[in-house]
Each structure stands twice: as structure tokens, then as C-alpha cells.
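K.L.:
need the 3D shape of this:
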Amino acid sequence: MAFIKAFTIASLALTSTVAAQSADPGLGVNKNAKGATEEVTPGAGPNGSEDWLNTGIDGDGWNPPFMALDDIVLIDIDSYYNGIGSACQQYDQYFQSAGSQYSVDPVILAIIAMQESSCNADAGGPTPGLMQVSCENYPNGVCTDSIQDNVNAGTNYLMSQLNATNGNAIEAFGSYNGWFTAGSGLNDNKGLTADYPCSSEGQSNGEPQNLDYIHEIFNGWMVGLDVYGDDSWIGQYQCAGSCNGDNQC
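P.N.:
Residues are numbered from 1 along each chain as shown. Next up, the predicted model:
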């Protein structure tokens, strides 16, 4: 698998109080993504519009469009470490090693670590560590205290999902966060929908899904924005972890 093409972001300037970020013109846009814009807004960015990335969420269930890894508009690793990913730089050797082993750009792995654990190797929970994946993805299916094993486990899971989806990065990253498509058996077999996280079945399966997750990954983290900080405005749902009385996020 070829490495993902990378672009350097020279600046990310706030262009309005509503929240919009303009990337350096060198970043470009993903020409294969519908609704792609150089400016990142609550509902769009260089890797497509949120409505496109979330196709089906507001209807009969998530039906992800196709995006190849090679097409992703992506910050380069040096710019990432010099910006929002500074906490990840101490683990660069592990991202580089796994990236080489699995033929994936190491900045992708650093971005996953930031999204999953804020690049904290000591993060706990049922799926501990930087990459927050289950033990079955570790070598021999057993969790270890090795940071390299943890990064390899996360990379192994991501690549397994890419293989399972015939190379669809959108569906693979969704799977990493627990998103599911029609035919999965959940939500009357129709896939993740906007109302599912707050339904009785959805709540019984854990905390409500972050329905902005795909947009945050591709148009936030991937282009060097801090989704957990100043750029938390990214997304049109803004419903992670909360439900209203109408069984909606």
C-alpha cells in the first residue's frame, strides 16, 4: 500500500467568530470528496462535507461513500508535531515502526493516538494505551505493557478494517470508533442513524456515539485542527454523550 500524500500547513487562521479555519493554499482539497472545501467549517472541509461523509445518518442508516487512503488530504508529520500533535512526538519511534511494518503514513497513527487517548500511553479503560483497542489485536491476542505492541495493535486493527471494506478509509475509521452500516444486526439491521444513540437499544450499548466523529477525523485532526480544544466547534450534531427528551442527540 502506498503512503498517503501529505501536505504542509503553513498556517491555520481563524476567519470568523462562528468558527472556520482557512488552511494554506498548498493543502488543497480532495477532488474525489463531495462538498470538499479549503476552508474548514462546522459542516465541511478538505476531505468532503459532513453530510457526504455521514451519508445515510439522517435517513435509513449509515452508507459510507468511498475514500481511498491515498486520496486523503493530510498534514505532514513534522507540522503535526509542531502543532496540535506535540504530545505525540515522544512516541514517534513507535509510529514510525508500525507505519513501516504496515505501509501506512505514521502521522495517521499519531492522529489516531491523539483522538483516542490524547497521546497518553498510560490511558486506562477496557482498551488501554495510546491506541485504545482490544487485546485481540495485540500479538498473540494478549495485551502487554509494550507501547510498540499497543501501536502495532491499533495499526493492525485499522488495516484489518481497511481490508474488510475493500480499502474504504471512511468506513474503516468509522469502524475504529464503533460505527456500523446496514446489515450489521443493530438498529433493526439498518445501521447507525441520528436517533440510534439515544434509543433504548443505543443507550444499552454504551455512551451515545459522537455523530461528528468522521468529520472531526477527516476535516479536523487530519488537517491539524484541535478537535478537543479550540476547534471543538467542528461538526453539525454536537451531541456526543447527551440526549434530549425526543430520543435524539
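
K.L.:
residues making contact with the longest helix along the chain?
P.N.:
Using DSSP state H, we find that the single longest helix of the chain is helix 147-164. Contacts with helix 147-164, where a contact means CB atoms under 8 Å, 6 or more residues apart in numbering, come from 69, 91, 94-95, 97-99, 101-102, 104, 108-109, 112-113, 116, 121, 128-133, 135, 137-139, 143-144, 168-169, 171-173, 175-176. C-beta coordinates here come from the backbone N, C-alpha and C atoms, glycine included.

K.L.:
hey, where'd the helices end up in the chain?
P.N.:
Using DSSP H, helices in the chain cover 50-53, 77-81, 92-102, 106-117, 147-164, 169-176, 200-204, 213-219.

K.L.:
mean pLDDT lowest for which of these?
P.N.:
Note on these: lowest mean pLDDT is at helix 200-204, with a mean of 88.

K.L.:
how about it as PDB, C-alpha atoms only?
P.N.:
Output in PDB follows, covering the C-alpha atoms of helix 200-204 (Å, rounded to 0.1, in the frame of the first residue of the first chain):
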ATOM      1  CA  SER A 200     -33.100   2.400  24.300                       C
ATOM      2  CA  GLU A 201     -31.000  -0.100  22.300                       C
ATOM      3  CA  GLY A 202     -28.400   2.600  21.600                       C
ATOM      4  CA  GLN A 203     -28.000   3.600  25.200                       C
ATOM      5  CA  SER A 204     -27.800  -0.100  26.300                       C
END
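
K.L.:
what comes up buried for the longest helix of the chain?
P.N.:
By neighbour count on 16 or more other CB atoms under 10 Å, the buried set for helix 147-164 is 147-159, 161-162.

K.L.:
quick one: distance of it to the chain centre.
P.N.:
With CA atoms, centre = their mean, to the nearest Å as the basis, helix 147-164 stands 14 Å off its chain's centre.

K.L.:
next up, the contacts around the residue most central in space within the chain.
P.N.:
When CA atoms, centre = their mean is applied to the chain, the residue found nearest the centroid is Ile217 (3.4 Å). Counting by CB under 8 Å, 6+ apart, Ile217 touches Ile111, Gln115, Phe173.

K.L.:
can you list the domains in the chain?
P.N.:
Following the TED database, one finds the domains of the chain at 23-67+180-248, 75-167.

K.L.:
between the ones you listed, which gets the lowest average pLDDT?
P.N.:
Across these, the lowest-scoring stretch is domain 23-67+180-248, with a mean of 90.

K.L.:
next one: that one to chain centre, how far?
P.N.:
Centroid displacement of domain 23-67+180-248 relative to its chain, using CA atoms, centre = their mean, is 9 Å.
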